Structure formats: C-alpha cells, structure tokens
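Participant: This is a predicted model, with the sequence first.
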Amino acid sequence: MVAGFATAAPNAALIEFAGHLLSGSGSLVDIGCGAGRNAVPLASMGWSVVGTDLSPSMLKAAAAREGGQRLRLLRAGMDALPIRSRSIDLIIAHGIWNLARSGHEFRLAIAEAARVAGRGAALFVFTFSRHTLPADAEPVAGETFVFTQFSGAPQCFLTEAQLVQELDAAGFEPDPVLPVRELNRPATGLRTGGPVIYQGAFRLS
C-alpha cells in the first residue's frame, strides 16, 4: 500500500488551487500526507509545507522523495497537530477526515484545523460522500454520518449539507474559487465499489 501511495500522482485540482493562492511565500499543512503525493509537489512550488501522518512507513516514503528544505514531516494525528495556532495559510484534508471513527473525532479534527488556520486561511477538503453507500445503510448507533458498511471499520460519510454545516460551525465558509463537487458518483443504480468523493475549498471567515 505504501508503494502505491509513493507513486500516486498529486491531486490536480489541489495543485491548481494552491498555485492560485501562492503569492511569494506561504505555509501549509497537509494532514494525513501519506507518502507525500501532494506535499512534495507543493513544497516544490514554493510552499513551506508541514506534512503530518500517523504511519511511520508513510512518513519514511515521503522523506525519500525530493521535498527540499521546504518540507517538514511530523508524526501526528488529525486531532492533535504540533503546529502553532493561527500560523497556516492553507490546510489540506485530503482523504483523512473520512477516517475519523466518530463524529466527535471528526469535529475535533476540524477544530484543530481551525486552530492552526491564520486569518483568511484556505482549506482544501477531499472526503467520502454519503452516496458511496446504499441509501438504506444505517449509521453506527448514536452516530449521524459514521458507517461501517464500506470497509468494516467506522468511517465518516457525509452529505454535502452535513459537510458544509460541520465546517461552518468551525468558521469555514465555501470558497467560490473551488466549489464543492461530487466525484466518482456512478449512474443511478450502478455501483463501482470505490468511494464517491466530495472535493472543494473553504475559507476561514
């Protein structure tokens, strides 16, 4: 799995959005950076990047790629970022918040992103859509958007309204530069087995 992530291409929409934001210099955190598929190219663009992940193997693979002095890698969870408050210009949550095992953990992760975000900071989100699962799938007892039907483990699958509401509660508003889009949604009645994804940008209000 690490090898697959190590050779994966960066997210083109993220790279374009980050290029739109960068003016001279900027700081960003890539939460759950994995093997550096996005963190390394962003550092090469001129961003000062902090990549965090809980997997030593992923961090080792990221370190093996050419990131230069602009890339710093730290072992940390999504809900406890070792980063100074109000110091980050761009926060990336690419395929990480959907791994939260409860709504509480999901909200802690969002609150942590809001804590490190500087004034007017941008947020790029790439997370599972509720449309990944059948309409009759039931959430975990006591939860609203946490399900086990996809992988057997608790994971978060939100509707667009839920995603916007949760981010709004932490002070993030949709950014019209990169509106929320749903990716990989199959035609009615067809399921490919892969996750349907929400992708979009927000700004700290």
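Facilitator: Perfect, thanks for sending it.

Participant: give me the element the residue positioned nearest the centre of the chain is part of.
Facilitator: Centroid-nearest residue in the chain, with C-alpha atoms, centre = their mean: A93, separated by 1.6 Å. Per DSSP states H and E, A93 falls inside strand 88-94.

Participant: what's the pLDDT at R75?
Facilitator: If you check R75, the pLDDT there is 98.

Participant: Next: the one 4 residues further on.
Facilitator: According to the prediction, D79 has pLDDT 97.

Participant: State which helix of this structure is the longest.
Facilitator: Ranked by residue count, the top helix of the chain under DSSP state H comes out as helix 103-116.

Participant: what pLDDT, on average, does the helix or strand that that one is followed by get?
Facilitator: On the C-terminal side of helix 103-116, the nearest following helix or strand under DSSP H and E is strand 117-128. In this model, strand 117-128 has a mean pLDDT of 97.

Participant: Pairing partners for strand 117-128, with directions?
Facilitator: Using DSSP bridges, the strands paired with strand 117-128 are strand 88-94 (parallel), strand 197-204 (antiparallel).

Participant: and among those strands, the most buried is which?
Facilitator: Among the strands paired with strand 117-128, ranked by average contacts under mean count of other C-beta atoms under 10 Å, first place goes to strand 88-94 (a mean of 24). From N, CA and C alone the C-beta is placed, and that goes for glycine too.

Participant: Pull the number of nearby residues for D30.
Facilitator: 30 (other C-beta atoms under 10 Å).

Participant: G19 too?
Facilitator: G19: 12 surrounding residues under other C-beta under 10 Å.

Participant: Could you name the helices and strands sitting against the helix or strand that contains it?
Facilitator: Using DSSP H and E, G19 falls within helix 12-21. Here helix 12-21 touches helix 39-45, strand 88-94, strand 117-128, going by 3 or more C-beta pairs under 8 Å, 6 or more residues apart in numbering; DSSP states H and E.

Participant: Show me the contact partners of the second one.
Facilitator: Right, strand 88-94. With C-beta atoms under 8 Å, 6 or more residues apart in numbering as the test, strand 88-94 has contacts from 11, 14, 18, 21, 26-33, 38, 47, 50, 78, 109, 113, 116-118, 121-127.

Participant: so where's the chain shaky on pLDDT?
Facilitator: Applying pLDDT under 70 to the chain flags the ranges 1-7, 67-68, 188-193.

Participant: Mind doing that once more with 90?
Facilitator: For the chain, the stretches with pLDDT under 90 are 1-8, 23-25, 65-69, 185-194.

Participant: I'd like to check the angle between the helix holding G19 and strand 88-94, please.
Facilitator: With axes from the mean of the first three to the mean of the last three C-alpha atoms, to 10 degrees applied, the angle from helix 12-21 to strand 88-94 works out at 170 degrees.
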